[in-house]
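structure for the following, please:
(chains A and B)
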Amino acid sequence: MTAQASRLAEGGRWDIITANHAVAHAARLARVQVVPAYPITPQTTIVEYLADFIERGELDARYIRVESEHSAMAAAIGASTVGARAFTATASQGLLLMHEVLHWAVGARLPIGMAVVNRAVGPPWSIHVDHQDAISQRDTGWLQLFVSSNQEALDSVLMMYKVAESPDVLLPFMVCLDGFVLSHTYAPVNIPDQGDVDSFLPPYDPPHWRMDPDAPITYGNLVMPDQLYMEMRWSIDRASRAAKDRLKEISTEFAEKFGRYHGSAIYERWSQDSDYLMVASGTLASEAEVAIEELRREGESVGLVKIRLYRPFPGEEITELAAGKKGIIVVDRSVSFGHGGPLASDLRASLYHAEDRPPVVGFIAGLGGRDVRVRDLKAIFRSAKRKISEGVDRVSYWYGLKVREVGE
Amino acid sequence: MGVVEVRWHGRGGQGTVLASRILAKAAFYEGKWPQAFPFFGAERRGAPVMAFTRIGSYEIKLRSQVYEPDVLVIVDPLLVRLPDVYRGLKRGGTIVANTRAGPESLPGEAETRGTVDATGIALELGLRVAGLPVPNTAMVGAVARVTGLAGLDSVRRAIGEMLGSRAEENVRAAELGYERVRVI
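Below you'll find the model as predicted:
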């Protein structure tokens, strides 16, 4: 879409803003009611913009200045428990400090919204992007969606509230956006009209339970092994799987209403008529789209699969696209130490039962904000083709190290 | 048109990052798709800083930094002397620099060279922050003239929208930068 054409397609108002500003607009448009806030680079400007919106009377929400990220999530849990739409944002060590209460939000089935501005984890200290922070929360049960543009960040917060609050889901979500590369980059964003958002996203009305002094219940009691703990875990797993179906419907509904479609659990290009697929998420996938365009012009047969939804994992969707391919190349921006890239290993596991199962070769790249350029992604593709023909002997290879392990 | 990449070099406090955004906004008014971002480091007043503007006809999907700029803008007069500043400039590229020297003083590898005394313009108009001149808007005017990436009217509009109460003198600075830049 050209800039001109896309401007004609929708209502709303255009501005050149950062993804952090876009996320704050999304929270405002979603009419979030409680914002517990604790600053951390590169997230801080999100909660600062929200403070501005509240101060100017553009958002009617309770802003709670808490003393830590753990408290931020605890406050969001309290707010959601009484039926409020809650929103917060964090990054890196802040997200790690929240870890205990992230599980609580899931177990209590609270559809809290959070922006995670992806940043490497220390030590050594780094403020720059990788996905280690969010990936480390993989097994909490939070829905995790990675975006690769400012517009996608705004739109995804709106869509994910609707997904999370669906009666068969009721799980919290994080929209993950790359630190600095999105959070501090200015690009055109269409900011939808409040009326259009209101008709897309109705107020949150908990269908399952809420804390109410006039109708007291208890929640979170001790359960014995022969009681329903295990069944409640099973229901979380089922709800997470349902979220993928809801996202599919809601992405289509959003596209019809606002004229923008960013994909659903995945976003793909050229996947049908390609011998190879390159898989990545976040802004790496955006850079890969440019690299793949160049590779295709040079005669290579390769398509793109961007993993938007990491949990629930789009295993079926990728398996379907992978049938008949010569190879799948996965670029991870995080690492599961002692094993390989998380995307690569999840994707390999999903493909295991496929009849026509192509080889998968993973690469770990761009940790701690190491820039990954078009030429790097093209080099990764060429290296992957060689490895696929010679035989892949591990989940993931490290790309672009300035030091080499002896013998590697 | 492909994507045109602009790399800005200045010092913390000179409004270099803001300049990269003003040019982006001005180009957007003309139907282009811009992207602007600072070098992701730790900026300090007085230390060298970099910022980038990309301008394309379609949505820009590139997310890496700019290594081989089409246009190099030097906002601080002393940085003109640093060889590192010119690293990666594309063959046939453009340099626009804030210096009292003429454009022939800039490296000849660039196909188009422009110079303007943007610091002089800032001092003339009283554009100072913490006592130091802020040459950024004069440079945006000069860049608009030399590169044609945005028209002067769009630059005026972008400054008007972004600088609020300080817009008037900054629009004037852009106009003077546009008028006074010398190009070869």
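
and residue 98, how many neighbours?
This is for chain A. 27 (other CB atoms under 10 Å in any protein chain shown). Every residue, glycine included, has its C-beta placed from N, CA and C.

not what I meant, chain B
Around residue B:98 there are 31 residues (other CB under 10 Å).

what of residue A:21?
Around residue A:21 there are 23 residues (other CB under 10 Å).

where does it sit: helix, strand or coil?
What DSSP: H, G, I helix; E, B strand; the rest coil gives for residue A:21 is helix.

could you say which helix or strand holds the residue nearest to it when sequence neighbours are not counted?
The shortest distance from residue A:21 to any non-neighbouring residue, by CB to CB, 6 or more residues apart in numbering or on different chains, is to residue A:49 (5.6 Å). Counting by DSSP states H and E, the element that carries residue A:49 is helix A:44-55.

strand partners of the helix or strand following that helix, parallel vs antiparallel please.
Following helix A:44-55 in sequence order, the next helix or strand is strand A:62-65 (DSSP H and E). Strand A:62-65 has the following strand partners under DSSP bridges: strand A:34-37 (parallel).

got the angle between whichever strand or helix holds residue A:157 and helix A:44-55?
According to DSSP H and E, residue A:157 maps onto helix A:150-164. With axes from the mean of the first three to the mean of the last three CA atoms, to 10 degrees applied, the angle from helix A:150-164 to helix A:44-55 works out at 70 degrees.

which elements pack onto helix A:150-164?
Judged by 3 or more CB pairs under 8 Å, 6 or more residues apart in numbering or on different chains; DSSP states H and E, helix A:150-164 is in contact with helix A:19-29, strand A:113-118, strand A:143-146, strand A:173-178, strand A:187-191, helix A:194-200, helix A:229-258.

what's the angle from that helix to strand A:173-178?
Using the same axes, to 10 degrees: helix A:150-164 against strand A:173-178 is 160 degrees.

now do helix A:150-164, average pLDDT.
Helix A:150-164 carries an average pLDDT of 98.

dump that helix to PDB, restricted to CA.
Extracted as PDB, the C-alpha positions of helix A:150-164 are listed here (Å, rounded to 0.1, in the frame of the first residue of the first chain):
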ATOM      1  CA  ASN A 150       4.300   1.100  15.200                       C
ATOM      2  CA  GLN A 151       0.800   0.700  13.600                       C
ATOM      3  CA  GLU A 152       0.800  -3.000  14.400                       C
ATOM      4  CA  ALA A 153       1.600  -2.200  18.000                       C
ATOM      5  CA  LEU A 154      -1.400   0.100  18.400                       C
ATOM      6  CA  ASP A 155      -3.800  -2.100  16.500                       C
ATOM      7  CA  SER A 156      -2.700  -5.300  18.300                       C
ATOM      8  CA  VAL A 157      -3.400  -3.900  21.800                       C
ATOM      9  CA  LEU A 158      -7.000  -3.200  20.700                       C
ATOM     10  CA  MET A 159      -7.400  -6.600  19.100                       C
ATOM     11  CA  MET A 160      -5.700  -8.500  22.000                       C
ATOM     12  CA  TYR A 161      -8.100  -6.900  24.600                       C
ATOM     13  CA  LYS A 162     -10.900  -8.300  22.600                       C
ATOM     14  CA  VAL A 163      -9.300 -11.700  22.300                       C
ATOM     15  CA  ALA A 164      -8.300 -11.900  26.000                       C
END
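
and that helix, what's buried?
A:150-164 (16 or more other CB atoms under 10 Å in any protein chain shown).

right, I'll leave it there.
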